[in-house]
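Q: Fold the stuff below for me.
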Amino acid sequence: MAMPTEEELNQALAEAGRMREQGEDPHHVAKALLNCNYQQQKLRQVLKAVDSYFHSGQAVQEHQRLRKAAEEAHKAISRTGAIEDEQGWLR
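A: Next up is the predicted model:
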């Protein structure tokens, strides 16, 4: 499956926003797309912080950035209604 281009993703997100605003989301597809995109943004911040931490020699400042990014990702996932699997992991 090919990933959407940035333009395609932006169009899909704009349409999802319109659908939610106008109450045209009977199967919650737009809600799910917007939720996944929001969580993906937070998780990208975590990955960026992880990369920085590993490349910095694991310095204190990068450790703090990593911890903050992880906390924000956890908050975003719990705030947007995450689903837990059998092991208690959020998905």
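Q: Can you tell me which helices and strands the helix ranked longest in the chain packs against?
A: Looking across the chain with DSSP state H, the single longest helix is helix 29-55. Packing partners of helix 29-55 (3 or more Cβ pairs under 8 Å, 6 or more residues apart in numbering; DSSP states H and E): helix 6-21, helix 60-79. Just so you know, the C-beta spots here come from the backbone N, C-alpha and C atoms, and that holds for glycine as well.
Q: which of those helices is buried the deepest?
A: helix 60-79 (a mean of 15; mean count of other Cβ atoms under 10 Å).
Q: Name the residues that touch that one?
A: 38-39, 42-43, 45-46, 48-50, 52-53, 56, 90 (Cβ atoms under 8 Å, 6 or more residues apart in numbering).
Q: and it with helix 29-55, angle?
A: Interaxial angle, helix 60-79 versus helix 29-55 (axes from the mean of the first three to the mean of the last three Cα atoms, to 10 degrees): 160 degrees.
Q: Give me the buried positions along stretch 39-50.
A: Neighbour-count burial for stretch 39-50 flags 39, 42, 43, 45, 46, 49 (criterion: 16 or more other Cβ atoms under 10 Å).
Q: rewinding a little: which of the contacts of helix 60-79 scores worst on pLDDT?
A: Looking at the contacts of helix 60-79 by pLDDT, the weakest one is residue 90, with 49.
Q: Which of the three states applies to the residue located most distally from the centre of the chain?
A: Distance from the centre of the chain peaks at residue 57, with 26.7 Å (Cα atoms, centre = their mean). Secondary structure assignment for residue 57 (DSSP: H, G, I helix; E, B strand; the rest coil): coil.
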